[in-house]
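K.L.:
Just the structure for this:
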Amino acid sequence: MSKLELGVCYYPEQWDPSRWRDDAARMVDMGLDWVRIAEFTWGLIEPERGRFEWGWLDEVIGILGEAGLRVMMSTPTAAPPKWLVDEHPEILPVGPDGQVRGFGSRRHYCFSSDVYLAEACRIATEYARRYGQNPYVKAWQIDNEYNDHETVLSYSDVARQGFRRWLADRYRSIDVLNETWGTVFWGSSYSGFDQIELPNGLVASPNPTQSLDFRRYSSDRVRLFSKAQADILRDHSPGRDITHNFMAGSFEFDHHDVATDLDVVGFDSYPLGNLLGSGLSDQEKHRYLRTGAPDYQGFHCDLYRSQGRGRMWVLEQQPGPVDWAEKNPSPAEGMVRLWTWAAYAHGAEAVMFFRWRQAKSAQEQFHTALFRSDDSPDQAATELKQIVLDRAALPPTKRGKAAVAMLLDYASIWAADVLPHDDSFPNAQIVRDWYAALREMGVDLDFVGPEDDLSGYALIVLPQSMIVTQQLAARLTATQAKLLIGARSGSMTSDMHTPPNLAPGTLADLTGVRVLRVESLPELANETVLFLGNTPLGFTGWREVVDTDQDVIGRFISDYCDGSPAVIRSKKATYLAMVPRRDLLQKVLRNALEWAGISPVDHGPDLRITRRGGLGFAFNFGTSALLLPSNGRRKILVGSDPVMPRDVTVWKEDVLPDQTAAK
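P.N.:
Below is the predicted model of the structure:
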């Protein structure tokens, strides 16, 4: 059981030391518990190799701790100093265009560099020795946003050499690699691992297995880098939680893997910063321009809570307009509070606001904070007062296991990027769309990875799982859950080959389906699906022609293979031979929930309801007051019924309503 803890990201090095003590006192007065510091301080602490200037950071930690705040210390490896770059320019990353990314901002290192790995471990060890036993340092963050600025995939010389070694270890024989990659195609066979180049700068598309292997290799380097620092921190700072701040909407490396070495999974939450680049329609973007998409916070909290084995923190919460998006609107009044409580409702133990004071110089001057650069309070500081009052009114509680799980596999997302077959194939957006549709129906979800425990769920959904191993298929078969399986699932082996029995490969026995042909269609095709005899509804451009001996509960309406199966149901699994959207997606998901014994409730586009233990939370993203579902055993603790616009209502209930638990 836990109450929400609150924190702030603080950059004391950017301000005169005369402000530090007053800042700390104000943080405590405002109800903050945590301060996250030092992720970009390497060049300040070690201005030249071997010469350390710890005094100012020692003083800051003392001031914060003595004021009653807990310090989250960071390893400073996200921004190596200029002297190190000058000594070892080979540590710099290289973009897919072959251009070296230089010094002067951040994340200017290549994960493939063993030199940089050694240097990162060296400086992490220095920080850990200095502060590992400090009584005020209660947690550690490793580095900062591993894949920010698209730096996971680096095309440097050291990446080329590292990739060759990784391939030699994976395949052992160049003949095995040639066979696995299918290099006989286009006559691109190799006679040695030292001939292999990186999959960029080519005339046409690279070999798909090579591309997928390079993503696997690059993800493995992130895991190696993160684990090396985690091991150092555990040695020198035992008993402190270790985390990293993953980025929302990021799939460049396997977060499941990296999370296994962390105590808590953190992420950085920017609902408005990520809105315009999302897959929402222009109409939806306009509707939620000042609130963010209703399921942005929930999706990422549920994903990272699941990867953190129940433990998740928001390490950067957007406080107002950011400075890095295409456009940077202000949130509506009340939204910082709403986002904070949405994070808690979806399992967050702590929420930290980015940042304490708005920068007066350098790259992020337009990025808002709790306080403006002149120390006057901004919108988030005002809303923080109400958050603290809310917190006092709520009993501690813990998020429970959901009845529905969603499988998210990073390798499958990479595979669809490598072989899309459709330039507008929605790929990871499919996962977001399914999540949003389920949440609109009041369904709470957990995420699972291919290696995770699948027991205890009534329904497991696979929105986009191109690669399903024999082991995963066997575990899916062994569960008691019903399965809803999206198009393309099982369509590739782990080596990016067509399965011997065609798609859905390892899922063929579960689904009773054999995919004979796939096509991608332009919007002008206007093809539809007749699902359960209702009104024909549209789908995205992906369509499959399948053979099946199972029940067909949806058929295509088309001048090509008219009436062919679109939705197929076996005893255990429902398979979709297309990518449903909007109304069709809602109907398919609703039917699957009812099939699994779960009763969905239509909450509409603006209201989201979720539960954390015995507490119910409702969030109104709209402009009109919205009534809660009828329930006579509800005691409202925060807010009201109806839920006011851009507001939060929290209540206590003794028995969970039927719509959130399997029958």
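K.L.:
Might you report the residue contacts of the residue positioned nearest the centre of the chain?
P.N.:
Closest to where the C-alpha atoms of the chain average out (Cα atoms, centre = their mean) is residue 248, at 4.5 Å. The contact partners of residue 248, by Cβ atoms under 8 Å, 6 or more residues apart in numbering, come to 267-270, 274, 296, 300. (Glycine included, C-beta is placed from N, CA and C.)
K.L.:
Residue 4: which of these is nearest?
P.N.:
Closest approach to residue 4 among these (Cβ to Cβ): residue 269, at 14.2 Å.
K.L.:
re earlier: for the contacts of residue 248, please prepare CSV with the additional fields distance to residue 471 and pLDDT.
P.N.:
Formatted as CSV, those follow (distance: Cβ to Cβ, whole Å; pLDDT from 0 to 100):
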residue, distance to residue 471, pLDDT
267, 28, 96
268, 33, 97
269, 34, 96
270, 36, 95
274, 34, 90
296, 33, 96
300, 28, 98
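K.L.:
Residue 192: which of those is nearest?
P.N.:
Closest to residue 192, out of all of these and judged by Cβ to Cβ, is residue 267, at 42.0 Å.
K.L.:
Verify the stated contact: that closest one with residue 304.
P.N.:
Yes. Between residue 267 and residue 304 a contact is recorded at 4.8 Å, counting by Cβ atoms under 8 Å.
K.L.:
Quickly list what's touching both of the two.
P.N.:
246, 312.
K.L.:
low pLDDT regions in the protein?
P.N.:
1, 632, 654-663 (pLDDT under 70).
K.L.:
Outline the domain layout of it.
P.N.:
Domain assignment of the chain by automatic domain parsing yields the ranges 5-156+209-393, 404-595, 607-660.
K.L.:
so what's residue 407 bridging to?
P.N.:
Following DSSP bridges, residue 407 is listed with bridge partners residue 448.
K.L.:
what residues are up against it?
P.N.:
Contacts of residue 407 (Cβ under 8 Å, 6+ apart): 447-450, 460-463, 465.
K.L.:
so which of those residues is the most crowded?
P.N.:
residue 462 (30 neighbours; other Cβ atoms under 10 Å).
K.L.:
how much space between that one and residue 567?
P.N.:
According to Cβ to Cβ, to the nearest Å, residue 462 stands 14 Å off from residue 567.
K.L.:
Residue 291 too?
P.N.:
From residue 291 over to residue 567 (counting by Cβ to Cβ), the distance is 33 Å.
K.L.:
Same check on residue 578?
P.N.:
Taking Cβ to Cβ, one finds residue 578 at 8 Å from residue 567.
K.L.:
neighbour-wise, which of those two wins?
P.N.:
Between residue 578 and residue 567, counting by other Cβ under 10 Å, residue 567 is the more crowded of the two (26 against 23).
K.L.:
and the more buried one, what element?
P.N.:
Assigned by DSSP states H and E, residue 567 belongs to strand 565-569.
K.L.:
all strands of the stretch 301-450 of the chain, in order?
P.N.:
In the stretch 301-450 of the chain, the segments counted as strands under DSSP state E, counting those that start in this stretch are 312-317, 348-353, 404-407, 445-448.
K.L.:
which residues sit against stretch 210-228?
P.N.:
Stretch 210-228 has contacts (Cβ under 8 Å, 6+ apart) with 111-112, 117, 120-121, 124, 142-143, 146-147, 152-154, 159, 162-163, 166-167, 170, 181, 196, 198-199, 244, 252-254, 257-258, 261-262, 410-411, 414-415, 418, 496.
K.L.:
Filter those down to the buried ones.
P.N.:
111-112, 117, 120-121, 124, 142-143, 146-147, 152-154, 159, 162-163, 166-167, 181, 196, 198-199, 244, 252-254, 257-258, 261-262, 410-411, 414-415, 418, 496 (16 or more other Cβ atoms under 10 Å).
K.L.:
shared neighbours, residue 578 and residue 567?
P.N.:
With Cβ under 8 Å, 6+ apart as the test, residue 578 and residue 567 both reach residue 529.
K.L.:
other SSEs contacting the lengthiest strand in the chain?
P.N.:
When the chain is parsed with DSSP state E, its longest strand is strand 537-548. Strand 537-548 is packed against strand 513-520, strand 528-531, strand 565-569, strand 578-580, helix 582-595, with contacts defined by 3 or more Cβ pairs under 8 Å, 6 or more residues apart in numbering; DSSP states H and E.
K.L.:
do you know which of the ones you listed lies nearest residue 314?
P.N.:
Smallest distance to residue 314 across these (Cβ to Cβ): 27.4 Å, for helix 582-595.
K.L.:
Report the angle between that closest one and strand 537-548.
P.N.:
Calculated by axes from the mean of the first three to the mean of the last three Cα atoms, to 10 degrees, helix 582-595 forms an angle of 50 degrees with strand 537-548.
K.L.:
Partner strands of the helix or strand following helix 582-595 and their direction?
P.N.:
Later in the chain than helix 582-595, the nearest helix or strand by DSSP H and E is strand 607-612. Strand 607-612 has the following sheet partners, assigned by DSSP bridges: strand 615-620 (antiparallel).
K.L.:
Quick check: longest helix in this structure by residues?
P.N.:
What stands out as the longest helix in the chain, according to DSSP state H, is helix 208-236.
K.L.:
Contacts for the one helix or strand residue 62 maps to, please.
P.N.:
Using DSSP H and E, residue 62 sits within helix 55-66. By Cβ under 8 Å, 6+ apart, the residues outside helix 55-66 that reach it are 10, 12-13, 17, 20-21, 24, 27, 35, 37-38, 41, 44-45, 71, 73, 131, 134-137.
K.L.:
Pull out the buried members of these.
P.N.:
10, 12, 20, 24, 27, 35, 37-38, 41, 45, 71, 73, 131, 134, 136-137.
K.L.:
mind listing which of the residues you listed are in helices?
P.N.:
Going by DSSP H, the helices hold 20, 24, 27, 45, 131 from the buried ones among the contacts of helix 55-66.
K.L.:
Out of the residues you listed, which two sit at the greatest distance?
P.N.:
Most distant of those, by Cβ to Cβ, are 27 and 45, 22.7 Å apart.
K.L.:
Inside helices: which ones of the buried ones among the contacts of stretch 210-228?
P.N.:
Using DSSP H, the members of these that fall within helices are 117, 120-121, 124, 159, 162-163, 166-167, 181, 257-258, 410-411, 414-415, 418.
K.L.:
which non-adjacent residue is nearest residue 196?
P.N.:
Excluding the flanking residues, the one nearest residue 196 by Cβ to Cβ, 6 or more residues apart in numbering is residue 164, at 5.5 Å.
K.L.:
who touches residue 253 in this structure?
P.N.:
Residue 253 neighbours (Cβ under 8 Å, 6+ apart): 146-147, 152, 218-219, 222-223, 410.
K.L.:
neighbours around the closest residue to it other than its chain neighbours, how many?
P.N.:
Leaving out its chain neighbours, the residue that sits closest to residue 253 by Cβ to Cβ, 6+ apart is residue 219, at 4.0 Å. Residues lying near residue 219 (other Cβ under 10 Å) number 24.
K.L.:
same question, the one 10 residues further on
P.N.:
For residue 229, the count of nearby residues is 25 (other Cβ under 10 Å).
K.L.:
any idea how far residue 245 is from it?
P.N.:
For residue 229, the distance to residue 245 (Cβ to Cβ) stands at 14 Å.
K.L.:
mind listing what's buried in the longest helix of the chain?
P.N.:
208-223, 225-230, 232-234, 236.
K.L.:
Which residue ranges of the stretch 351-500 of the chain form helices?
P.N.:
For the stretch 351-500 of the chain, helices defined by DSSP state H, counting those that start in this stretch occupy the ranges 379-393, 410-418, 428-440, 470-478.
K.L.:
out of the ones you listed, which comes closest to residue 455?
P.N.:
helix 470-478 (8.7 Å).
K.L.:
All good on my end, thank you.
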